[in-house]
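In: Build me a structure from this.
(one chain, ligands or ions: 1)
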Amino acid sequence: MDYGLVIIGGGPAGYLAAERASHAGIKTLVIERENVGGVCLNEGCVPTKTLLYSAKLYDGAVGSKKYGVTVSEADFDHGAVIKRKEKVIKLLTNGIKSTLKANGAELVMGTAVICGKNAEGRFIVCVNDSEYTAEKLLIATGSSPAMPKIPGLYEEYENGFVLTNREILNLTVIPESLVVIGGGVIGLEMASYFNSVGTKVTVVEMLDHIAGENDRELTELLKKNYERKGIIFKLGAKVTEIGAGSVTYELNGETESICCEKVLLSIGRRPNTSDIGLETIGVELYRGAIVTDLTMRTNVANVYAAGDVNGRSMLAHTAYREAEVAVNNMLGIEDSVRYDAIPAAIYTNPELGSIGYTEAEAEKAGMAIKAIKIPMRYSGRYLAENEGGDGIFKLIVECATGRIIGAHALCNYASEFIVAAGIMITMDMTIEQAKKVVFPHPTVCEIIREAIFQCS
Ligand code: NAI
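Out: Here you go, the predicted model:
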């Protein structure tokens, strides 16, 4: 069978590109080896948010006294939470399958391997015992958890002591204790969930701070919030060995071990680029990721790559945008991704929402900036809903142009409202232009307006 476009991978980049391309009239086939919806829907973004919502309700019930509400017996049923997560996944994956069908895209389940080009110059893709040809390819094979060469890691992963994001979401019993290796996005979200439901959690992080390149003042505050809730952080700690029931690490020149029931390995992800035949058509890789330009083109004509596989910004919403950009360019509509305007959120409690430059990044780039920092208490709704809350909002403005170039918030709803700053960044809005935007009152996002007016 011959297609206009064959997409390898049915995650956010793959399924969205298939929907858009087939809707635009391109004969499209998407090939998925495991689950439509990819990591995001099946073992990432969506299932974790389902769990975290239950934990948040539970936290609310347990801590409701300060709001004048007494809950006599709050109980947490982890099994029921996992079951509900399965239901949510099923609803969403079924939705994707129907949308693909409604748009006319075809779906084949199996592992795709690129097998070069045929005499007519069409790409050949083999799946199971079938062969498909295409004028254009989109590689959207995603990423897998990084597995470093730590002694004992593979053995303990095989026997179920060490888990990745995949296995931890299927635990039917809450562990008494959990060591999280890696204090990044996955590590913090899972640490938050298990801390809420009563597990003794220790986060072992190699760097001297958590949450990667986020604003350091906000991440320090987030750490303090979780220390108050009982999470132990071992920062600057290098894991040297994993044994049966323990994790050993070096900290300040000393060797320490922690005994625990389970370990979560969350130290980043690697693009899935091996064993898919990229070498048969000469696709360029850098550190295992497919090299793409801002239009999602690779070095090979008519071959595009979107989502985690290009290693640029491993987020589902980046994958959506990259997929749209790839399809637009296939259709002859010039388009490119603005990587400086991609929001990010960590769904802890409180949440951390961010977009664009931090103060540190702007200074490193040699930009003259103004950083406006405001306590979240300036928002009436935040005050009403966060007894004793210590959240912070920061707005970053470029001095030379007055343009808004970054926004960072530690508070609940940050994941929802950070996009307001995102729109301002995407539209290259200056402070004077942003002053005309009306925010609903009372809302937590009014903090953006407050910062805008404090700028001049
Ligand atoms: P990450 O890159 O966010 O964090 C990994 C952390 O592990 C870093 O802080 C790193 O310093 C640390 N680390 C690396 N090697 C280590 C070692 N040997 N010992 C101790 N610490 C070590 O990666 P993570 O959390 O695995 O997430 C993977 C991807 O999934 C990320 O790209 C993330 O953006 C995405 N994701 C996004 C979510 C969201 O948007 N809310 C939710 C979950 C995942």
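
In: All the strands of the stretch 251-400 of the chain, residue numbers only.
Out: Under the criterion DSSP state E, counting those that start in this stretch, strands of the stretch 251-400 of the chain are mapped to 254-259, 262-265, 269-271, 285-286, 289-290, 303-305, 344-346, 352-356, 369-375, 392-398.

In: From Ala345, how far off is Ala360?
Out: 19 Å (C-beta to C-beta, to the nearest Å). (Each C-beta comes from the backbone N, C-alpha and C, glycine too.)

In: Please say which of those two ends up with more neighbours.
Out: Ala345 (21 against 14; other C-beta atoms under 10 Å).

In: excluding its backbone neighbours, what's nearest the more buried one?
Out: Closest residue in space to Ala345, ignoring its immediate chain neighbours: Ser415 at 3.6 Å, by C-beta to C-beta, 6 or more residues apart in numbering.

In: Can you tell me what sits against stretch 10-21?
Out: By C-beta atoms under 8 Å, 6 or more residues apart in numbering, the surrounding residues in contact with stretch 10-21 are 4-5, 7-8, 28, 30-32, 35-41, 96, 99-100, 103, 105, 107, 138, 140, 142, 306-309, 316-317, 319-320, 322-324, 326-327, 330-331.

In: again, only this time at 7 Å
Out: 5, 7, 28, 30, 32, 36-40, 96, 99-100, 103, 105, 107, 138, 140, 142, 306-307, 316, 319-320, 322-324, 326-327, 330 (C-beta atoms under 7 Å, 6 or more residues apart in numbering).

In: Residue of the stretch 51-200 of the chain closest to the ligand, please.
Out: Relative to the ligand, the nearest point of the stretch 51-200 of the chain is Gly184 (1.7 Å; C-beta to the nearest ligand atom).

In: Now for that residue, how many residues are close by?
Out: Using other C-beta under 10 Å, Gly184 has 20 other residues around it.

In: cool, and the one 10 residues further on?
Out: Other residues near Phe194 number 24, with proximity taken as other C-beta under 10 Å.

In: sorry, back to before: closest one to Thr172 among the strands of the stretch 251-400 of the chain?
Out: Of all those, strand 262-265 sits nearest to Thr172, with 12.4 Å by C-beta to C-beta.

In: re earlier: in TSV: the strands of the stretch 251-400 of the chain, plus distance to the ligand.
Out: TSV is the format used below for the strands of the stretch 251-400 of the chain (distance: least, C-beta to the nearest ligand atom, whole Å):
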stretch	distance to the ligand
strand 254-259	13
strand 262-265	8
strand 269-271	4
strand 285-286	17
strand 289-290	12
strand 303-305	16
strand 344-346	5
strand 352-356	9
strand 369-375	24
strand 392-398	19
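
In: With distance to His209 and mean pLDDT added, can I get the ones you listed in CSV?
Out: Listed next are those as CSV, based on distance: least, C-beta to C-beta, whole Å; pLDDT from 0 to 100:
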stretch, distance to His209, mean pLDDT
strand 254-259, 19, 98
strand 262-265, 19, 98
strand 269-271, 20, 97
strand 285-286, 27, 98
strand 289-290, 25, 98
strand 303-305, 31, 98
strand 344-346, 13, 98
strand 352-356, 13, 98
strand 369-375, 18, 98
strand 392-398, 16, 98
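
In: what does the average pLDDT come to for the biggest helix by length in the chain?
Out: Ranked by residue count and defined by DSSP state H, the top helix of the chain is helix 78-103. Summarised as a single mean, pLDDT over helix 78-103 is 97.

In: Show me which residues of it are buried.
Out: 78, 81-82, 84-85, 89, 92-93, 96, 99-100 (16 or more other C-beta atoms under 10 Å).

In: so what secondary structure elements neighbour it?
Out: Contact here means 3 or more C-beta pairs under 7 Å, 6 or more residues apart in numbering; DSSP states H and E; on that basis helix 78-103 packs against helix 12-23, helix 38-43, helix 45-62.

In: Next secondary structure after it?
Out: strand 106-109 (DSSP states H and E).

In: Could you list the low-pLDDT ranges of this structure?
Out: Nowhere does the chain drop to pLDDT under 70.

In: And the residue nearest the centre of it?
Out: Leu315 (4.2 Å; C-alpha atoms, centre = their mean).

In: What separation do you get for the most far-flung residue of the chain relative to its centre and Ala134?
Out: Distance from the C-alpha centroid of the chain peaks at Ala119, with 41.1 Å (C-alpha atoms, centre = their mean). According to C-beta to C-beta, Ala119 stands 15 Å off from Ala134.

In: Same check on Ala344?
Out: In this view, Ala344 and Ala134 are 33 Å apart by C-beta to C-beta.

In: picking that back up, what's the closest of the strands of the stretch 251-400 of the chain to Ser22?
Out: strand 303-305 (15.5 Å).

In: and the longest strand that the chain contains, which strands flank it?
Out: Longest strand in the chain, counting residues (DSSP state E): strand 130-139. Applying DSSP bridges to the sheet, strand 130-139 is found paired with strand 2-8 (parallel), strand 123-127 (antiparallel), strand 303-305 (parallel).

In: Identify all contacting residues around that strand.
Out: Applying C-beta under 7 Å, 6+ apart, the set of residues contacting strand 130-139 is 1-8, 17, 29, 118, 122-125, 290, 302-306, 309, 326, 330.

In: ok, now stretch 253-262?
Out: Applying C-beta under 7 Å, 6+ apart, the contact partners of stretch 253-262 are 161, 163, 175-179, 202, 245-249.

In: Mind putting the residues you listed into JSON lines with secondary structure and distance to Ser130?
Out: Below are the contacts of stretch 253-262 laid out as JSON lines (DSSP: H, G, I helix; E, B strand; the rest coil; distance: C-beta to C-beta, whole Å):
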{"residue": "Phe161", "secondary structure": "coil", "distance to Ser130": "40"}
{"residue": "Leu163", "secondary structure": "strand", "distance to Ser130": "35"}
{"residue": "Pro175", "secondary structure": "coil", "distance to Ser130": "44"}
{"residue": "Glu176", "secondary structure": "coil", "distance to Ser130": "49"}
{"residue": "Ser177", "secondary structure": "strand", "distance to Ser130": "48"}
{"residue": "Leu178", "secondary structure": "strand", "distance to Ser130": "44"}
{"residue": "Val179", "secondary structure": "strand", "distance to Ser130": "45"}
{"residue": "Thr202", "secondary structure": "strand", "distance to Ser130": "49"}
{"residue": "Gly245", "secondary structure": "coil", "distance to Ser130": "47"}
{"residue": "Ser246", "secondary structure": "strand", "distance to Ser130": "48"}
{"residue": "Val247", "secondary structure": "strand", "distance to Ser130": "45"}
{"residue": "Thr248", "secondary structure": "strand", "distance to Ser130": "49"}
{"residue": "Tyr249", "secondary structure": "strand", "distance to Ser130": "48"}
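
In: Show me which of those are buried.
Out: Among the contacts of stretch 253-262, the ones that count as buried by 16+ other C-beta under 10 Å are 161, 163, 175, 177-179, 202, 246-249.

In: winner for burial among the helices and strands packed on helix 78-103?
Out: Most buried of those, by mean neighbour count (mean count of other C-beta atoms under 10 Å): helix 12-23, with a mean of 27.
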